[in-house]
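Engineer: Here is my input; please provide its structure:
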Amino acid sequence: MGDEHLLEVNNLKVHFRSGKKTVRAVDGISFKLGKKENLGIVGESGSGKSVTATALMRLIPSPPGKIADGEIIFEGENILKYSNRKMRDIRGNEISMIFQDPTTSLNPVYTVGNQLLEAIQTHQQLSKKDAQEKAVEMLELVGIPEARRRLKMYPHEFSGGMRQRVMIAIALSCNPKLLIADEPTTALDVTVQAQILELMKKLQDEIDTSIIMITHDLGVVWELCDNVLVMYAGHMVESGPVQSLHSNPLHPYTWGLLDSQITSETESDELLRTVPGAPPNLMTELPGCPFADRCVYAQDICREKKPEMLEVEENHFVACHFQTEDSRLERRGGDHS
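Structural biologist: Reported below is the predicted structural model:
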């Protein structure tokens, strides 16, 4: 990958006002993404994954939200300093996003062709005829048969999997350098999900796009990503290469996520394990580890002092007082109760 990064995020903080209080939705996220590299951001609902994605697109609604601190360096420039007009040129053209639910992302009163043509003509200097051909080409690229005829159809005439393919076609229509996919397979059945992931891998090879995959499903990350970032309550708790986290996860929260996943070894009558308790109130600034109240390994220092992200293996970082060179927790084989 070299030393050059497509994207570098430094100490990103996103806050929302709720009455007189501040919700710290994202609290100090940092990561780097290389060209043609895939990063998975995982965590349960409310961990700050989608807010992070929205911040990268500069789409945080203000008010009540704001990017309170940090840098988003895209191709060497901090896009937080860009004007709204310049940012509109970047969105959809160099940075694109696939949203979780294509039913709400596609406008029901316009044909699929109109929506795809709008994306193409907004960012590319093409005649109407050339834009039409580009639209057909994009639908064919994402595996939609009879593409020319389907341009005249409306979103409700497509299945869920086909609507998601349309969203991918729109997102990739301008050959973006970065694609952010926010839970793109959540609403799809397992077979269609596998097809969409395979499609994204195929398209990446063809257009050299880097991907940030936002998901709660670690199986998706193992399938698609090179690196993974684990978020909890707006904080980073672990990050590193996929192989390293898969074979040697270090944070108790990551252990909980892994133990709650359905795998090929899961018996049909086996009860799924859960992480006990609930996430902390994000309106309260915690002095210690945000996971302390749910962690069976927590001690006084965990509630009193916030752990730093330390590199414990090559490029494998974890924020835990008891996962250092001098001290390692012994995982209690799936016991989180």
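
Engineer: remind me which residues of this structure are low pLDDT?
Structural biologist: 1-3, 102, 187-188, 262-272, 325-327, 332-337 (pLDDT under 70).

Engineer: hmm, try it at 50
Structural biologist: Applying pLDDT under 50 to the chain flags the ranges 1-2, 335-337.

Engineer: And the strands in it, which stretches?
Structural biologist: With strands called from DSSP state E, the chain shows them at 7-18, 21-33, 38-42, 65-74, 77-78, 95-98, 178-182, 210-215, 227-232, 235-241, 310-313, 316-318.

Engineer: any chance of those in CSV, with distance to K86 and mean neighbour count too?
Structural biologist: Every C-beta, even on glycine, is put in place using the N, C-alpha and C of the backbone. Below are the strands of the chain laid out as CSV (distance: least, CB to CB, whole Å; neighbours: other CB atoms under 10 Å):
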stretch, distance to K86, mean neighbour count
strand 7-18, 17, 18
strand 21-33, 21, 20
strand 38-42, 25, 25
strand 65-74, 11, 17
strand 77-78, 10, 12
strand 95-98, 12, 25
strand 178-182, 16, 24
strand 210-215, 21, 25
strand 227-232, 27, 25
strand 235-241, 29, 24
strand 310-313, 36, 14
strand 316-318, 33, 22
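
Engineer: want to throw the ones you listed into TSV with distance to G113?
Structural biologist: Shown next, in TSV, are these (distance: least, CB to CB, whole Å):
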stretch	distance to G113
strand 7-18	32
strand 21-33	33
strand 38-42	30
strand 65-74	30
strand 77-78	34
strand 95-98	19
strand 178-182	22
strand 210-215	26
strand 227-232	37
strand 235-241	41
strand 310-313	50
strand 316-318	46
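
Engineer: What are the boundaries of the helices in the stretch 101-250 of the chain?
Structural biologist: 102-105, 112-123, 128-141, 147-150, 160-172, 190-207, 218-224, 242-247 (DSSP state H, counting those that start in this stretch).

Engineer: So which elements touch the longest one?
Structural biologist: Just to be clear, that refers to helix 190-207. Applying 3 or more CB pairs under 8 Å, 6 or more residues apart in numbering; DSSP states H and E, one finds that helix 190-207 contacts helix 160-172, helix 218-224.

Engineer: which of those sits most buried?
Structural biologist: Among the helices and strands packed on helix 190-207, helix 160-172 has the highest mean neighbour count (mean count of other CB atoms under 10 Å), at a mean of 23.

Engineer: what sits up against that one?
Structural biologist: Residues outside helix 160-172 that contact it (CB atoms under 8 Å, 6 or more residues apart in numbering): 92, 96-99, 102-103, 105-106, 112, 115-116, 119, 138-139, 141-144, 155, 158, 179, 184-185, 187-189, 192, 195-196, 199-200, 203, 207, 209.

Engineer: was I right about A233 contacting F291?
Structural biologist: Yes: A233 is within contact range of F291, at 7.4 Å (criterion: CB atoms under 8 Å).

Engineer: quick one, what contacts H246?
Structural biologist: Counting by CB under 8 Å, 6+ apart, H246 has contacts W222.

Engineer: Quick check: it vs V228, distance?
Structural biologist: 9 Å (CB to CB, to the nearest Å).

Engineer: Same question for S247.
Structural biologist: 12 Å.

Engineer: With E4 instead?
Structural biologist: Taken as CB to CB, the span from E4 to V228 is 21 Å.
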